[in-house]
Every structure is written in structure tokens, then in C-alpha cells.
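Undergrad: this is a predicted model, with the sequence first.
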Amino acid sequence: MELHDIRCPRCKVNVLGEGFCRECGEGIIYSNEAIVTLENSGYQIDENHKSVEAFRKSQIDQNSFTKIGNTLENIGNGGQKIGATMNSFGNSMILGCTIPILILFILGAILF
């Protein structure tokens, strides 16, 4: 096998030890023959791309981190909504309590 024979299975771009095709993003899993050819030519291959099982495991790990990140983002957004609600409530309480008290003071000063 020659270096120019190692190509992306989807778009046929030449890939040399890359984990993902630079053109289409396809995950590359190298055959044993391709691994030997690349390593003999000085290229290094990520362990996650040397077998289907390792590639699937790396994808599961990435998906887990994505799910955790999305969950944390949702929690943060929920906290932001609560803060906005509390701010609105606080403004309503200030207007609802302060203005009537000021009116009572003004009326009390005028009438007494």
C-alpha cells in the first residue's frame, strides 16, 4: 500500500494519519495495512482510530461530555430565568410598597 492510496471512505480525499477527514469530517478508521504504511512513513495515528471498537469508544466519551455540558448549560439558563423573575418581583415590591407609603406621608403632612 502506498501513501496516496490511503483515502477518506466518503469523499476520497487523501488522509495521512488524521483522525477525521479535513474535507467532509468523516471519522477515519485505518486498516492494519494502512497503519503499517503510515507508521513506516513517520506519521502518527491516534489510538482511537486504529480500530472500530476504539473509535466507537472515543465517540461515546465525546457524546457523554457533550451531554454533561448541555445539562450544565440548561441549569445555568434556569438560574438566569429565576434571577430575572426575582428582579422583576423585587421591582414590583418596591413600586407597590414605596409609592403608597410616600402618598400616605404626603397626605398626612397635608391633612395634619
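TA: Here it is on my side, so go on.
Undergrad: so what does the one helix or strand F89 maps to touch, helix or strand wise?
TA: Assigned by DSSP states H and E, F89 falls within helix 52-111. Of the remaining helices and strands, none touches helix 52-111 by 3 or more Cβ pairs under 8 Å, 6 or more residues apart in numbering; DSSP states H and E. Every C-beta, even on glycine, is put in place using the N, C-alpha and C of the backbone.
Undergrad: mean confidence for it?
TA: Across helix 52-111, the average pLDDT comes to 78.
Undergrad: how far off centre is it?
TA: Offset of helix 52-111 from its chain centre (Cα atoms, centre = their mean, to the nearest Å): 21 Å.
Undergrad: and for stretch 23-40?
TA: Here stretch 23-40 is found 27 Å from its chain centre; the criterion is Cα atoms, centre = their mean.
Undergrad: for stretch 99-112, same thing?
TA: Stretch 99-112 sits 57 Å away from the centroid of its parent chain (Cα atoms, centre = their mean).
Undergrad: show me the domain layout of this protein.
TA: Here the domain assignment for the chain is 1-50, 52-112, based on automatic domain parsing.
Undergrad: hey, which of these is tucked in deepest?
TA: Mean neighbour count, computed with mean count of other Cβ atoms under 10 Å, is highest for domain 1-50 among these, reaching a mean of 15.
Undergrad: that's all I had, so thanks and see you.
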